[in-house]
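>>> What follows is a predicted structure for the sequence shown.
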2 protein chains.
Amino acid sequence: MSDGKKPKAERRPRAETPRGFRDYFGAEVTARRDMLAAITAVYHRYGFDPLETSAVETVEALGKFLPDVDRPNEGVFGWQENEGEGDQAGGDWLALRYDLTAPLARVAAQYRNDLPTPYRRYAFGPVWRNEKPGPGRFRQFYQCDADTVGAASVAADAEICAMLADALEAAGIERGDYVIKVNNRKVLDGIMECVGLLDPENLDFKAHERGIAVRAIDKIDRLGQSGVEQLLTTGRKDESGDFTSGAGLEYVQALWVTTVLMQRLENNAATIAGLRSHLAKSPRGMEGINELEEIAALLSAQGYGPDRIILDPGVVRGLGYYTGPVYEAELTFEILDEKGRKRQFGSVAGGGRYDDLVKRFTGQAVPATGVSIGVDRLLAALAAKGRGAKDSAGPVVVTVMDRDRMADYMAMVGDLRAAGIRAEVYFGNPKQFGNQLKYADKRASPIAVIQGGDEAAKGTVVLKDLILGSQIAQNATLEEWKDRPAQVEVPRGDLVAAVQKMLGGGK
Amino acid sequence: MSDGKKPKAERRPRAETPRGFRDYFGAEVTARRDMLAAITAVYHRYGFDPLETSAVETVEALGKFLPDVDRPNEGVFGWQENEGEGDQAGGDWLALRYDLTAPLARVAAQYRNDLPTPYRRYAFGPVWRNEKPGPGRFRQFYQCDADTVGAASVAADAEICAMLADALEAAGIERGDYVIKVNNRKVLDGIMECVGLLDPENLDFKAHERGIAVRAIDKIDRLGQSGVEQLLTTGRKDESGDFTSGAGLEYVQALWVTTVLMQRLENNAATIAGLRSHLAKSPRGMEGINELEEIAALLSAQGYGPDRIILDPGVVRGLGYYTGPVYEAELTFEILDEKGRKRQFGSVAGGGRYDDLVKRFTGQAVPATGVSIGVDRLLAALAAKGRGAKDSAGPVVVTVMDRDRMADYMAMVGDLRAAGIRAEVYFGNPKQFGNQLKYADKRASPIAVIQGGDEAAKGTVVLKDLILGSQIAQNATLEEWKDRPAQVEVPRGDLVAAVQKMLGGGK
């Protein structure tokens, strides 16, 4: 186009969403918007203020904190800025954010002199992961986070857990259909210390073996107790035949570890007692247990019992940046997976305390804790429960019988819209009237408005009740609808009132 | 961290927003959210359905339709997918969307068998431009679009213009503070034809000179009439001394062109008549004028007069992909620029008909028209008018007098929140009470709740009216507030009622 030359048999571009991305239509968009509004209303009531950072950060600011990934920059979509001419002149590396926590840490450092302390912020929006897509697994998805930066007290962690319960219920998950499991990284450290995989004075000691052990524990839901015990000891061969080497513990040690992980007992007091009896030798472990006890007491005082929030020593939350309490919300109902098998829906939100993220920038430790709700997973869960998005009401469609009287038809929709009624003129090719009604059907239109030459001469319009029409098509007996005419002819001046009556009418 | 080695004097990352990007805090976020809700409510009432595509598209799908840029891929943030191992294994090139129209064209082609025809969709979200940032010019900004795909009638264009007027008013721009200017690319083609810069039978003919001329006309607001005339004839040297060569017209031809561009007359009928008299020799020009006349008639029939929507032959809308009617919303009030000079605020929305975008993918022409509102510019305009975002009410802050009674304080905010009141416990270091009140002030908190040991023993709480306090600090006389106590002590059981009374009270 621009150079005026006709291309020789140019290949047409493919009209395809990029691999691992998807498009959202109609009710899918509004359902997410409504859910975000419901969750953020809870965050607001808890005193959190909104923050919106841009999608793009410097790779330097993002750091190597991508959850579950050890190497810097892996898993993000990144590119290098062009500075000056030519490709060799390299600028900053930029990347799409992979979560909302890393940008918050950057903001907390950048504006540390202006923000209140503590800084409570909520944020939502898409995040991007440069990962292999899979069924139901996309490379862009929404998170909705709330974090308290600058609060050292575990009261802040307890509050986040309570708020998470409120937010899930506001989003439409009924009480009993979710549980929030709380643990503490210090408890995990205590376990490692007791089996000789952690020396608090020398973090380098057995760091490799410890990594294997923590990764294994994190996967206990998938691997099962025996799989974890294999990885804690001599190693494990998976279904594909790949061998993962083990952390080198004795079998009795591994058994002891999985026993401690299973100490999610009938109530929080029992769990605390169980953990204390096992981790008495680890000061760090005991510190973590004391924090859990305090969190449980604060939550209990506010009426958040184990039906909503429960201590669970088996929760790890990846290899990430957590330094204290960690929490995870799990949906407890079963759904059918893509192969029709029943399975637990699993985790929809998680978070914890990360006291080192801001320190990266400033050198000063800033205590912080927060939660991230996986909004798209939550929407999928509601859909799996048959409580997914419903399309909003379609527009009243004013049909076009006479192309030259378009101004009249547009005046009709103008009157309807002025009365707050969703309405539109059919703008397709009006020649075949059947197409207009097919269009109205596809739009889930409740009413078609028709004004041909005869009606125009009489100053009337015909209203066709399309909802009634589709009910009759679905074998409702006409008996049931005898008081509701399928079609009425009214004066043009009564259009709005007649449409309002028809929309409000029926049974 | 992961390899356990201590880095030698590792440089700390910079806590900086990437160049050309910015962060939005508090009311900046909610003001945009409210504006998007107001605009999309109008779009919804007009029968448009939401669509949300991902931020990422293949460069192939985006094409070379970036507005105002001739070369493919220039101006976007792009990167190549990794496929397989090593850098030489190249996958698709991906990029961030630079507008919401290109993704719509891709969607219209990809789902053409499933979508209704016409397909009316609205969309909003950030778009990204890899351009040099400047004052008030960012590389990520929000657009809020509505388009009708598959409607050939200019009634669809007229409707978009009317909807744009409604949307601007819904967004808070008062009638009289904006004008929507409508033109037609065919009129511009007619002008080019009349001066010999366009041969409808051979689009290659004088394409280069025509490009110079159209670019010049597009910049008439900045260059003035004489600047455009220089570029239409022999060329122009700008302030920096750079010379731009001209389109080679005779001076009388250039004068004729600028005369036609100025035919925005006192009413639309006069403009139509003026254009007809000038472009009688160009069939394409006359076709464009007829379309403008039809649009003006449809709008006038619905009461959208020249106070809101006016024909203006000077509107070009860039070099982009438009093929028929084009429209642009301009704010008509003056603001002060960064140097304190008065200037018109200028364009905040624009669009037009683009009949070839879907054809790129399918080979079949699909008529389409739509508008894009520059939401961030609109927010800036309201702010410049002193009608910018107001921070929402801060939370009631429950102060911490005794760290061991955190559960009691959290129960207080729990009660307040349950009553729908925004509230929080102070989670900073509670040692210095002054810091707690400073925090409450920074949060714009209306009330501080205080319960020390004495009050706890009595079973009471003290409520401190911080709004009154700040009013008094701003020299309101105490006289004015004599009925409003600055501080009350109430039984703990009356906390919620007393807070509600204080929030509702005052003068």
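Sure thing, it's come through.

>>> Count residues in the vicinity of the nearest residue to residue A:78 once chain neighbours are set aside, would you?
Nearest residue to residue A:78 in three dimensions, chain neighbours excluded: residue A:95, at 3.6 Å (C-beta to C-beta, 6 or more residues apart in numbering or on different chains). Bear in mind the C-beta positions are built from the backbone N, C-alpha and C, glycine included. Residue A:95: 25 surrounding residues under other C-beta atoms under 10 Å in any protein chain shown.

>>> Give me the neighbour count for the nearest residue to residue A:450 once chain neighbours are set aside.
Spatial nearest neighbour of residue A:450, excluding adjacent residues (C-beta to C-beta, 6+ apart): residue A:462 at 4.3 Å. Neighbourhood size, residue A:462 [other C-beta under 10 Å]: 17.

>>> Note down every partner strand of the host helix or strand of residue A:462 and its orientation.
If you go by DSSP states H and E, residue A:462 is part of strand A:460-465. If you go by DSSP bridges, strand A:460-465 pairs up with strand A:447-450 (antiparallel), strand A:487-491 (antiparallel).

>>> what is the rounded mean pLDDT of the last one?
In other words, strand A:487-491. Strand A:487-491 carries an average pLDDT of 94.

>>> residues of it that come out buried?
A:488, A:490 (16 or more other C-beta atoms under 10 Å in any protein chain shown).

>>> touching chain B at all, the helix or strand just after that strand?
The first helix or strand that comes after strand A:487-491 along the chain, using DSSP H and E, is helix A:495-504. No: judged by C-beta under 8 Å from any C-beta of the partner chain, helix A:495-504 stays clear of chain B, getting no closer than 13.5 Å.

>>> Quick check, residue A:302 in contact with residue A:165.
No: with contact defined as C-beta atoms under 8 Å, residue A:302 and residue A:165 do not form a contacting pair (10.0 Å).

>>> quick one: contacts for the residue nearest to residue A:78?
A:56, A:57, A:58, A:59, A:62, A:73, A:76, A:77, A:78, A:79 (C-beta atoms under 8 Å, 6 or more residues apart in numbering or on different chains).

>>> switch to 6 Å and redo it
Residue A:95 sits next to A:59, A:62, A:76, A:78 when contact means C-beta atoms under 6 Å, 6 or more residues apart in numbering or on different chains.

>>> hang on, the second one packs against residue A:102?
Going back to what we said before, that points to residue A:62. Yes: the pair residue A:62 / residue A:102 is scored as a contact, 5.0 Å apart, by C-beta atoms under 6 Å.

>>> how close does residue A:485 sit to residue A:463?
Remark: distance between residue A:485 and residue A:463 (C-beta to C-beta, to the nearest Å) = 9 Å.

>>> So which of the two has more stuff around it?
Just comparing residue A:485 and residue A:463: by other C-beta under 10 Å the higher neighbour count belongs to residue A:463, 23 against 13.

>>> List the beta-bridge partners for the more buried one.
Applying DSSP bridges, one finds that residue A:463 bridges with residue A:449, residue A:488.

>>> that older thread, tell me the confidence at the residue nearest to residue A:450?
Value listed for residue A:462 in the pLDDT field: 96.

>>> looking at it, it is touching residue A:488, isn't it?
No: judged on C-beta under 6 Å, residue A:462 makes no contact with residue A:488 at a distance of 7.2 Å.

>>> Return the set of buried residues in the helix or strand that comes right after the strand holding residue A:462.
Of the helices and strands lying after strand A:460-465 in sequence (DSSP H and E), the nearest is helix A:466-473. Residues of helix A:466-473 classed as buried: A:466, A:467, A:468, A:469, A:471 (neighbour count, 16+ other C-beta under 10 Å).

>>> pLDDT of helix A:466-473, averaged?
Rounded mean pLDDT across helix A:466-473 is 75.

>>> can you tell me how far the residue nearest to residue A:451 when sequence neighbours are not counted sits from chain B?
Leaving aside its chain neighbours, residue A:451 sits nearest to residue A:461 (4.7 Å; criterion: C-beta to C-beta, 6+ apart). As defined by C-beta to the nearest C-beta, to the nearest Å, residue A:461 lies at a distance of 17 Å from chain B.

>>> Would you enumerate the residues in contact with residue A:461?
Residues in contact with residue A:461, defined by C-beta under 6 Å, 6+ apart, are A:449, A:451, A:455, A:492, A:495.

>>> Quick one, which of those residues are buried?
Burial by neighbour count, 16+ other C-beta under 10 Å: within these this picks out A:449, A:451, A:455, A:492, A:495.

>>> I figured residue A:81 hits residue A:92, correct?
Yes: the pair residue A:81 and residue A:92 passes the contact test of C-beta under 6 Å, sitting 4.8 Å apart.

>>> bridging residues for the closest residue to residue A:375 other than its chain neighbours?
In this structure, residue A:375 finds its nearest non-sequential neighbour in residue A:142, 4.1 Å apart by C-beta to C-beta, 6+ apart. Beta-bridge partners recorded for residue A:142 (DSSP bridges): residue A:126.

>>> which residues are there in the stretch 151-300 of chain A that come within reach of chain B?
Counting by C-beta under 6 Å from any C-beta of the partner chain, the positions of the stretch 151-300 of chain A adjacent to chain B are A:151, A:153, A:155, A:156, A:204, A:207, A:298.

>>> Pick out the most distant pair among those residues.
Pairwise distances among those were taken by C-beta to C-beta; the largest, 35.9 Å, belongs to A:204 and A:298.

>>> if I look at the nearest residue to residue A:99 once chain neighbours are set aside, how far off is residue A:81?
Leaving aside its sequence neighbours, residue A:99 sits nearest to residue A:127 (C-beta to C-beta, 6+ apart; 5.3 Å). Distance, residue A:127 to residue A:81, by C-beta to C-beta: 21 Å.

>>> Show me the residue sitting in the middle of chain A in space.
Of all residues in chain A, the one closest to the mean position by C-alpha atoms, centre = their mean is residue A:375, 1.8 Å from it.

>>> That residue against residue A:144, yeah?
Yes: Residue A:375 lies in contact with residue A:144 (C-beta under 6 Å); the separation is 5.1 Å.

>>> residue boundaries of the helices in the stretch 101-250 of chain A?
In the stretch 101-250 of chain A, the segments counted as helices under DSSP state H, counting those that start in this stretch are A:101-110, A:154-170, A:185-194, A:207-218, A:220-232.

>>> In terms of helix, strand or coil, where does residue A:334 fall?
Counting by DSSP: H, G, I helix; E, B strand; the rest coil, the backbone at residue A:334 sits in strand.

>>> Now do the same for it: its pLDDT.
pLDDT at residue A:334 comes out at 85.

>>> Might you list the low-confidence residue ranges for chain A?
A:1-10, A:64-74, A:83-90, A:319-320, A:472-484, A:505-507 (pLDDT under 70).

>>> switch to 50 and redo it
Chain A contains residues with pLDDT under 50 at A:1-8, A:66-73, A:85-88, A:506-507.

>>> The nearest residue to residue A:429 once chain neighbours are set aside is in what secondary structure piece?
Closest residue to residue A:429 apart from its sequence neighbours, by C-beta to C-beta, 6+ apart: residue A:435 at 7.1 Å. Here residue A:435 sits within helix A:433-442, counting by DSSP H and E.

>>> quick one: buried residues of that helix?
A:436, A:437, A:439, A:440, A:441.

>>> just stretch A:380-396 next, same as before
Neighbour count says stretch A:380-396 has A:380, A:381, A:382, A:384, A:385, A:389, A:394, A:395, A:396 buried, by 16+ other C-beta under 10 Å.

>>> That stretch and chain B, any residue contact?
Yes: using C-beta under 6 Å from any C-beta, we find that stretch A:380-396 touches chain B at residue A:395.
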